[in-house]
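Asker: Provided below are the primary sequence and the corresponding predicted coordinates.
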Amino acid sequence: MQRLVRLTLLTTALASPLLAQSLGEVAARTNKDRKGAPAKVYTNDDLDGARSAAESQGTVSTPAASAPSGAAPTPAPTMDPAQRWRRDGKQRRDAVTRSEAKVAAIQAKVDALLLDRDPVNVMDPNRLQTLEAVKARALQDLETAKAELSQARQALEDLEEDARKSGIPPGWLREP
C-alpha cells in the first residue's frame, strides 16, 4: 500500500512540472500570436469609400449627409402620395397598438397589486404603507398610459379626417 502511495506521489511530482505552464509563459505566447496579425485601422478614406458604395446601391437615406461639403444638397426624392398616406396611417395605427399593449400590461399589474394574493414581506410593519405607495404609483402610470392611448387614437382620427377633407381615397389609409 505504501509503495502505491509513494509511486503515485513520485509520478505526480515528476509529471506536474512538465504539464503546468506559468502565467508568464501563457501571456508571452499570447502576445506572440497577437503580433502576427495586425489590427485593422479605419480612416476617413475608408468611410468615404463605404459611403460612396452605399450611395451607388441606394441604401443611404439622407441626401444632405452624402453631399460633398461644397455642393448644394440635392432635394429629397418625392414620395408617392398614396405611399405617404399609407405610411402615416400605419405609424398611427402602430402607436395605438403599442399604447393598448402598454395599458393592458399596466392594468394587469394594478389588478395583481389590488388582489395582493402573494404577499411579500408579511412581517414588515410598513408593508401595507409600501403596498399602498406602489398601488398609487401603478394607478398613476395607468392613467398616463390611458392618456397616451387617447392621444394616439385622436391622432389616428385626425389623420383620417385630414384624408377625408383632402379627398384621399379611404383605401389609402387601410392596412395592406
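Answerer: Arrived safely.
Asker: Against Glu100, how distant is Ala112?
Answerer: Applying C-beta to C-beta, to the nearest Å, the value for Ala112 to Glu100 is 19 Å. C-beta: built from backbone N, CA, C; applies to glycine.
Asker: Quick one: name whatever helix or strand follows the lowest-mean-pLDDT helix or strand in the chain.
Answerer: Sorting the helices and strands of the chain by mean pLDDT, DSSP states H and E puts helix 63-66 at the bottom, at a mean of 48. Where DSSP states H and E defines the elements, the next helix or strand beyond helix 63-66 is helix 81-115.
Asker: residues contacting the closest residue to Lys102 other than its chain neighbours?
Answerer: In space, Lys102 comes closest to Ala145 once its chain neighbours are excluded; the distance is 4.8 Å by C-beta to C-beta, 6 or more residues apart in numbering. Contacts of Ala145 were listed using C-beta atoms under 8 Å, 6 or more residues apart in numbering, and they are 99, 102-103, 106.
Asker: pretty sure Lys90 is touching Glu175, no?
Answerer: Yes: using C-beta atoms under 8 Å, Lys90 is in contact with Glu175, at 7.1 Å.
Asker: more crowded one of the two?
Answerer: Using other C-beta atoms under 10 Å, the more surrounded residue of Lys90 and Glu175 is Lys90, with 14 against 7.
Asker: Tell me which residues touch the more buried one, please.
Answerer: Residues in contact with Lys90 (C-beta under 8 Å, 6+ apart) are Glu175.
Asker: Ok, Arg174 next?
Answerer: The contact partners of Arg174, by C-beta under 8 Å, 6+ apart, come to Gly89.
Asker: quick one: secondary structure of it?
Answerer: Here Arg174 takes the coil state, with states given by DSSP: H, G, I helix; E, B strand; the rest coil.
Asker: And it, its phi and psi?
Answerer: phi -80, psi 160 (degrees, to the nearest 10).
Asker: Next: Met79.
Answerer: Met79 has phi and psi values of phi -100, psi 140 when expressed as degrees, to the nearest 10.
Asker: For the closest residue to it other than its chain neighbours, give its distance to Arg93.
Answerer: Among residues not flanking Met79 along the chain, Arg87 sits closest, at 7.8 Å (C-beta to C-beta, 6+ apart). Distance, Arg87 to Arg93, by C-beta to C-beta: 11 Å.
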